[in-house]
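# Sequence below, structure please.
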Amino acid sequence: MRLLRFPRPKAAGFRVITHLHSTASDGEASPLYSRVSAAIAEAVGEADAPKVKWHEALIRPETIEALLTRASKPIDLVCLTDHVTRRRHVFPEASLALARKYQNLILGAEISTAMWSAKRGAYVVSPEILLYGPTKPRGACERQPHYGLVQKDLDDLYASCVPEGAAEVEVNLGIAWAERKGYAWALAHPLDGNQLEISELFSLFVQARSLEALNGGYPTNSFRALSAYIDFHNAVVAEGGAPIARRRLDATTRALLSLLEQAQPRPLVPLGGSDAHLRNLDRVVTVVEPADEIGARPVAQVFLSAVKAGQGVEASFTPQGKGSSWLDLYREASIIVWKNYYENRAIIFAHPIRAFYVAAKTVRERLSTYADGHDVNLKTLARLGLKPADIVRLERRARRAAAR
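Next comes the predicted model:
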């Protein structure tokens, strides 16, 4: 029987890639499937469209394996979080084999979600859930257990959490499902790539255990805003909210403070996720520093347990790296489009002008949607006045009030 690998993390802390994609995110598993399929049909015609093989992510399992085993700048833990949707939520055998072979890889998933908006009278796109799984290995009695999810998890999630009229998992039901199972999870890039207003986002933040504060595929401004929110959130949680004076807070911040006090949430874990689809797999990592010596415990177990416990309880979490600019996003999207063009050149080059026009239009429309939603939420969050200096002042005021 082959000995399983349970690597021991460094005593001072370890580096984790908490959000990563592979070629398993392609096709019907991608949230972009409908849009891209329509664009392909427009570019090459209905007859040739089924012949086109389109990839959203170009990272192959062997590339991830090389990352796990490299000697220079090693990564202690990788969370493989490929897209899953209602159309396709199946773990490919290559991903399962990788998780079984390497115990410093967590087989997770990025769950597409929707949320009912009473204001708009429809389901709208809400933040995706990075679902990691339980703290114990799955199939521990088998020859090759692994950390993370199993196919039964995805089947149960989609069978029980997609209400009538919703295209995807309803985000509140998905969160409740993960909590009921006792699984570690996070909200992925919550200021970007969704259609929620800031008040709707706050209703999710108070349920969360962790937020992906820094994402390698989105602008750094989002990281600044989310970091300020997490500081405010954790300051309120630490002091119970009561000692914080309200007179100098604006109406929106006072409403948020009341929501936090009513919900009595846990301290939020800030995660940094690479979200790589093409290259630079470790462009963003999360440094995890355990509060106690972890001994021989597997690094995956330490991470999953600490995410569930909350920031500063079993470990401290620090995102490292930087986000992308909008120019970087356009560049990466263009490279992925060109590589898809080249792979399908026999079909695409039969319609070169139309294909180029449709591709440019689709990339521009998609990224413009991201930019619009990002700007609206960022400006609203900025109006909360959640500046680092304000957080320090509030914390000092809370400590003085507690001392009295």
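
# Could you list the low-confidence segments of the stretch 151-300 of the chain?
Filtered on pLDDT under 70, the stretch 151-300 of the chain yields the residue ranges 239-252, 254.

# Strands of that one, start to end?
Using DSSP state E, counting those that start in this stretch, the strands found in the stretch 151-300 of the chain span residues 169-170, 184-187, 210-215, 269-273, 284-290.

# which non-adjacent residue is nearest residue 203?
Spatial nearest neighbour of residue 203, excluding adjacent residues (Cβ to Cβ, 6 or more residues apart in numbering): residue 259 at 7.6 Å. Glycine gets a C-beta too; all of them are placed from N, C-alpha and C.

# next one: residue 332
Residue 332 sits nearest to residue 278 (Cβ to Cβ, 6+ apart), 5.6 Å away.

# ok, now how distant is that neighbour from residue 216?
11 Å (Cβ to Cβ, to the nearest Å).

# who has more neighbours, those two?
residue 216 (26 against 18; other Cβ atoms under 10 Å).

# Look up phi and psi at that one.
Per-residue torsions, residue 216: phi -70, psi -10 (degrees, to the nearest 10).

# show me where the stretch 1-150 of the chain has strands.
Ranges of strands within the stretch 1-150 of the chain are 14-20, 77-84, 105-117, 122-133, 147-148, based on DSSP E, counting those that start in this stretch.

# Let me know which of those is the nearest to residue 312.
Among those, strand 14-20 comes nearest to residue 312, with 16.7 Å by Cβ to Cβ.

# Strand 122-133 and the closest one, what's the angle between them?
140 degrees (axes from the mean of the first three to the mean of the last three Cα atoms, to 10 degrees).

# now what about strand 14-20, what contacts it?
Counting contacts by Cβ atoms under 8 Å, 6 or more residues apart in numbering, the residues outside strand 14-20 that touch it are 59, 64, 67, 74-81, 110, 130, 186, 188, 212, 215, 271-276, 281-282, 284-288, 299, 302-303, 320.

# Could I have the ChimeraX command that selects the buried members from those?
Buried members of the contacts of strand 14-20, defined by 16 or more other Cβ atoms under 10 Å, are picked up in ChimeraX with:
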select :59,64,67,75,76,77,78,79,80,81,110,130,186,188,212,215,271,272,273,274,275,276,281,282,284,285,286,287,288,299,302,303
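
# Give me the pLDDT for residue 63.
You'll see residue 63 listed with a pLDDT of 94.

# so it touches residue 279, yeah?
No: here residue 63 does not reach residue 279: they are 9.0 Å apart, not a contact under Cβ atoms under 8 Å.
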